[in-house]
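**Student:** show me how the following folds:
(one chain, ligands or ions: 1)
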Amino acid sequence: MVFTTVKGGTRPYRTLAAFVMVNEYVLEVRNLHTCFAGDCIHEDLNFEVRRGEIFAVVGGSGSGKTVLLREALLLQEPTAGTIRIFGEASRRAEKEGLRQRTGVLFQHGALFSSLTVQQNVEAPLLEHTTLSPRLRHELGCLKLALVGLASESGRKLPSQLSGGMLKRAALARALALDPELLFLDEPTAGLDPASADALDELILQLRDSLGLTVVMITHDLDTLWRAADRAIFLGEGRILAGGTMEEISGSGHPLVQAYFQGNRGRGAREAAWNPG
Ligand SMILES: Nc1ncnc2c1ncn2[C@@H]1O[C@H](COP(=O)(O)OP(=O)(O)OP(=O)(O)O)[C@@H](O)[C@H]1O
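**Tutor:** Below you'll find the predicted structure:
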């Protein structure tokens, strides 16, 4: 890791990430409108996510972050506009292909409670590949190791894992098909600070080692300062600010200021600038 100087302090910046990040758009959102019964929560959103970056979607409650994620995952249709993933306009007909190139970590893990962790991780391989049971098992073990879970954890039911381990297990399942693009919905929600830090570190490591592109929704200011390369701030149906965390937090918009300039926001920024 090298350090680069930014206005007001020094933040870690990862060399491999800088190398991987290129101007190839993995996700492009153009002129997106989403309205429910005439009430519009997205009014002409435009942004793009570059290959290899960790991109965060931020905003107050009800600003439309989850709806945006559901639209990108083809679980919901926007009212107007397009979402292109891997350069292709995402259409329902291409759902299967897109699913295999994208992984999702849902906020509550969404693991099958009656299956063991190992079976959960193998589930996408069973559904989308013709691999033999032995190969599926080996790949499942590999993914568990990748997220830092011991093989004993694979034999447990989700209910027998801690919150941090559950997130890791769900992440292992999201990585089962070697996705290029990973969506994370509130990855650190409900975790204690140490587990949240460890998960942030894991996300950074996975991006660096696998060359993943990560799009995450988060309210966690520590995660934002530590992991996000760029972000957008949603509010009033629009993107109120976009860019690096430094750029966004310096926005003059009152909603953005209130979000980042409170005690929690300032503390997270200082911690990111003074790691360790
Ligand atoms: N299917 C739906 N029908 C009607 N309204 C909806 C529907 N889905 C979402 N909404 C509304 O859209 C708005 C945005 O919801 P969304 O869940 O995307 O917010 P959010 O930014 O993810 O909030 P939070 O941070 O609290 O999770 C909310 O007012 C919600 O009630």
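
**Student:** can you list phi and psi of residue 27 for me?
**Tutor:** In terms of degrees, to the nearest 10, the main-chain angles of residue 27 are phi -130, psi 130.

**Student:** in stretch 203-215, what counts as buried?
**Tutor:** For stretch 203-215, the buried set under the neighbour-count rule, 16 or more other Cβ atoms under 10 Å, comprises 203, 204, 206, 207, 208, 212, 213, 214, 215. Any C-beta I mention is one placed from the backbone N, CA and C, and that applies to glycine too.

**Student:** where does pLDDT dip in the stretch 1-150 of the chain?
**Tutor:** 1-22, 88-96, 109 (pLDDT under 70).

**Student:** all strands of it, in order?
**Tutor:** All strands of the stretch 1-150 of the chain, identified by DSSP state E, counting those that start in this stretch, fall at 2-6, 9-13, 25-36, 39-50, 54-59, 80-85, 88-89, 102-105.

**Student:** make TSV out of those and add distance to the ligand and mean neighbour count.
**Tutor:** Shown next, in TSV, are those (distance: least, Cβ to the nearest ligand atom, whole Å; neighbours: other Cβ atoms under 10 Å):
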stretch	distance to the ligand	mean neighbour count
strand 2-6	27	10
strand 9-13	26	14
strand 25-36	4	17
strand 39-50	5	17
strand 54-59	6	24
strand 80-85	15	16
strand 88-89	22	10
strand 102-105	15	23
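
**Student:** redo those strands as CSV? Include distance to residue 72.
**Tutor:** Output for these, formatted as CSV (distance: least, Cβ to Cβ, whole Å):
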stretch, distance to residue 72
strand 2-6, 29
strand 9-13, 27
strand 25-36, 7
strand 39-50, 10
strand 54-59, 10
strand 80-85, 6
strand 88-89, 12
strand 102-105, 8
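
**Student:** and residue 121, what is it in contact with?
**Tutor:** For residue 121, the contact set (Cβ atoms under 8 Å, 6 or more residues apart in numbering) comprises 140, 143, 144, 154, 169, 172, 173, 176.
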